[in-house]
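> just to be clear, the model below is a prediction. Sequence and coordinates:
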Amino acid sequence: MFWKFGFHTPSALDSLLEQEDVTLERILDEEDVLQECKNQNKALTDFLSREEIISQMLQMVTVEPSEELDLKARFKYPSVACEVLTSDCWAILDAFTQPAPLAVFWGVIDRPAPLHPLLASFFMKIAFVLLQKKPEETCQYIRQHPEILDKLLAHLASPALMDVVMRICCTDCGGKESTMQQWLCEEQHLLDKIVGLFDPSVETSSAVVYNAAQLLEDLVNYARKDAMEMQQFAITRPFITLLQREEVIGRLLDYSLAGSANHLEHGIRVLLALVNEPSRTDEEPQPSQADAARHVLEVKNVLGVVAPRMEQLNMVLVTPPSGNVVTPSGVMAPVGSVRIMILRLLQALVSSNNIGLNTLFANLGTAATCLDLFFNYPHNNFVHRHVSNLVSAVFANPMIKADEDSDSEDDVVNPIIPCLLRDGRLLSRSAEAWAAAPTDPAQTRPGYFGHLVVIANAVEAARKKDPAKFRSYLEPENADPALAAWLKCVDEHVKPQNELFSSVLGGQRPARMLSDDSDDDALYGTDEQTTAAEIEFGQYFGLRISGDLPASFAFHSSKDDTEEEDLLQQYGQDGPFADSVGFQSDFPDMDVTADAQGVQGWQIVDGPSTPDELMDDDEWQEQVIADQKAATSMKISVDDASSSGSDSETDLTDASPQSSPRKPVDIPLSPRGAAAVSSMPSLDPFSASGSAPEESGWANFGNEEDAPQAMDVSGGPEELDDISDV
């Protein structure tokens with residue numbers, strides 16, 4: 001680094017720090033103060049690590065400034081002071097982590113809620129740095145002052161303070177992370193205190209309930225990830241163990257049902273975090289047997305808590321919230337976020353195929369209630385999605401185990417299926433909905449038909465698997481007409497929709513061209529849809545229209561030339577694609593010429609010189625055909641010279657390295673370029689015979705009259721355009 005060797009530009013802070021009466025405000029006013037802190041400017045770090053300066057900066061970031069101060073004192077100085085305290089300067093950090101400054105810092109949360117958002121952000125940033133840079137000392141300080149946790153929970157309405165609690169729970173305190181977590185869970189009862197915030201008898205704001213649910217949800221996800229990472233060491237993490245307990249989940253749900261809609265909505269969020277499968281990235285390993293067993297235990301505990309309270313949840317599901325909303329279907333009661341969260345929970349629980357819950361689910365008529373919501377709210381796709389997933393999961397597993405705890409393989413009919421077909425009238429209501437669908441595009445169409453297709457496909461798969469058993473699920477007196485109406489609906493509406501959904505846009509899949517990009521597989525399909533001949537022809541056609549571009553650069557191998565020549569010979573004018581492509585004549589061989597220095601150069605292409613001359617696709621094809629015709633009557637052949645040559649100054653072979661002779665090159669030119677080249681004499685400058693070219697038409701640089709002169713471009717773009725034709 002330049003500053004270590006004294007090569008950096010002197011800063012204005014150096015001269016400022018030499019003054020005896022320099023103040024902290026004058027230092028913070030300098031624009032490069034943060035950069036100089038990172039550069040470890042010793043004079044600056046010595047100044048900022050003084051005890052009185054640390055106290056002044058803490059005063060700026062922990063005390064809300066008065067509105068009577070100017071903007072610098074209210075916003076700039078506190079912000080810069082926070083950046084200085086959290087900079088990568090160990091001298092400042094060591095001075096800040098002394099007992100007196102730490103007491104001032106943690107004293108911020110002694111104030112009543114709500115905390116000023118600016119101070120909360122300063123507090124969060126500094127706390128994160130302390131837990132990251134000095135985790136062991138910070139955890140030790142928190143354990144010596146356990147009241148810090150209660151004060152943080154009192155400020156949980158602030159998202160910044162919620163993040164601080166989460167960071168404390170996840171901090172590796174010098175390799176003693178498990179010990180810290182055990183202290184938080186068993187001695188401080190942190191999870192019990194967070195769940196207690198859902199108690200409706202405790203006066204809390206909606207923001208506190210929301211952040212408490214978010215904190216529990218984050219702890220669930222962190223505990224799962226932590227358990228996955230540490231399972232190879234056979235270490236039990238206290239967070240995941242405590243979160244699985246039925247008493248903790250039951251108390252949370254009881255508080256949620258007894259409280260407001262806000263309590264219930266966010267309480268179900270935590271249950272969903274336990275029930276849903278853990279999310280994994282592509283880099284993370286697949287779930288192990290221990291992960292699967294732990295998740296089964298989590299779902300089982302949630303089922304044990306939800307089943308006794310299922311009747312209360314069903315009552316909430318059938319009771320709409322107060323008030324009305326205006327929808328395209330008219331004025332109606334709103335669905336409400338609480339009922340949508342209950343549908344999400346039921347969808348997740350039904351997927352577990354628990355016979356006890358499904359039986360209770362069917363006896364209470366909850367499945368039929370879900371269908372009522374589906375059809376009664378034709379424009380709420382949140383309801384449609386969750387009900388569609390629920391019904392599809394039921395028909396995907398028509399037979400489930402009779403006893404989850406037994407090893408017996410005896411299966412029974414999923415009790416929700418008869419409930420959906422009889423009480424919910426799934427078949428007849430679906431047929432009626434399709435029949436009543438408006439055909440006029442000007443009319444408003446219900447938004448559930450796409451989900452009805454998904455439901456119909458799941459029902460049809462179950463029916464075709466065992467038609468006789470499926471018929472037994474229906475009411476005996478209405479089985480035949482219901483099945484007839486259903487099959488007619490499937491033939492007239494569902495099958496055409498499936499064909500439409502599975503059809504390729506544009507009528508056919510695009511042929512995949514030459515590319516090593518894996519994204520092409522998602523766009524053009526895999527090799528199962530693209531034949532090898534199409535891929536090879538794509539390579540050939542790419543070479544024909546673009547030329548041998550890799551050969552124009554230094555990194556080029558003869559292996560590439562061989563592969564490309566094989567493609568050109570295989571798929572030329574006489575190749576298998578000649579009839580379908582319709583080439584009038586094969587493209588000329590395209591290669592690059594060698595100049596006098598032996599350096600490969602670009603081919604000269606006579607293209608448009610102004611934007612007005614740009615050609616569209618049809619004009620480009622016509623021009624290519626014209627170039628081919630012009631090239632058939634004219635070829636410029638250039639042979640490389642051999643390594644031996646004359647000692648004359650005009651012999652250019654001495655300036656180029658030895659190279660193997662090159663084959664003749666055919667360069668397609670436009671008619672204007674052909675006319676220009678046709679007037680040039682035939683010349684082989686690399687001929688080994690040593691014969692001198694004819695004097696006619698060539699400059700004699702020994703004559704002053706023929707000496708090259710500076711080009712006069714004063715004539716403007718028109719004259720330059722004429723020069724380009726020569």
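Everything's here; your move.

> how about the helices in the stretch 351-500 of the chain?
For the stretch 351-500 of the chain, the helices defined by DSSP state H, counting those that start in this stretch occupy 355-363, 366-376, 381-396, 416-418, 426-435, 449-465, 467-472, 479-489, 495-502.

> between those, which one is nearest to Pro159?
helix 381-396 (25.2 Å; Cβ to Cβ). For glycine as for every other residue, the C-beta is placed from the backbone atoms N, C-alpha and C.

> what's in contact with the closest one?
For helix 381-396, the surrounding residues in contact (Cβ atoms under 8 Å, 6 or more residues apart in numbering) are 335, 340, 343-344, 346-347, 350-351, 367, 370-371, 373-374, 377, 414, 416-417, 420, 426, 447-448, 451, 454-455, 458-459, 461-462.

> test my guess that Leu118 contacts Val63.
No: with contact defined as Cβ atoms under 8 Å, Leu118 does not count as touching Val63 (11.0 Å).

> tell me which of the helices of the stretch 351-500 of the chain sits most buried.
Of all the helices of the stretch 351-500 of the chain, helix 416-418 carries the top mean neighbour count, a mean of 23, counting by mean count of other Cβ atoms under 10 Å.

> other SSEs contacting that helix?
Counting contacts by 3 or more Cβ pairs under 8 Å, 6 or more residues apart in numbering; DSSP states H and E, the secondary-structure elements packed against helix 416-418 are helix 355-363, helix 381-396.

> what's the average pLDDT for the last one?
Averaging pLDDT along helix 381-396 gives 95.

> how far off helix 355-363 does that helix point, in degrees?
Angle of helix 381-396 versus helix 355-363, following axes from the mean of the first three to the mean of the last three Cα atoms, to 10 degrees, is 120 degrees.

> please, where are all the helices along the stretch 151-300 of the chain?
159-170, 177-182, 190-196, 206-230, 238-243, 246-258, 261-275, 289-306.

> list the buried residues of the longest one.
Going back to what we said before, that points to helix 206-230. By 16 or more other Cβ atoms under 10 Å, the buried positions in helix 206-230 come out as 207-220, 222-228.

> so what's the closest residue to Val412 other than its chain neighbours up against?
In this structure, Val412 finds its nearest non-sequential neighbour in Ala402, 4.7 Å apart by Cβ to Cβ, 6 or more residues apart in numbering. Each residue near Ala402 by Cβ under 8 Å, 6+ apart is listed here: Ile355, Ser408, Asp410, Asp411, Val412.

> rebuild those residues as JSON lines, extending it with distance to Ser260.
Below are the contacts of Ala402 laid out as JSON lines (distance: Cβ to Cβ, whole Å):
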{"residue": "Ile355", "distance to Ser260": "34"}
{"residue": "Ser408", "distance to Ser260": "45"}
{"residue": "Asp410", "distance to Ser260": "45"}
{"residue": "Asp411", "distance to Ser260": "42"}
{"residue": "Val412", "distance to Ser260": "40"}
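
> so which of those wins on neighbours?
Within the contacts of Ala402, neighbour counts (other Cβ atoms under 10 Å) peak at Ile355, which reaches 16 neighbours.

> report the contact partners of that one.
Contacts of Ile355 by Cβ under 8 Å, 6+ apart are Ile400, Lys401, Ala402, Asp403, Glu404, Val412, Pro415.

> how about a cut-off of 10 Å?
Ile400, Lys401, Ala402, Asp403, Glu404, Asp411, Val412, Asn414, Pro415 (Cβ atoms under 10 Å, 6 or more residues apart in numbering).
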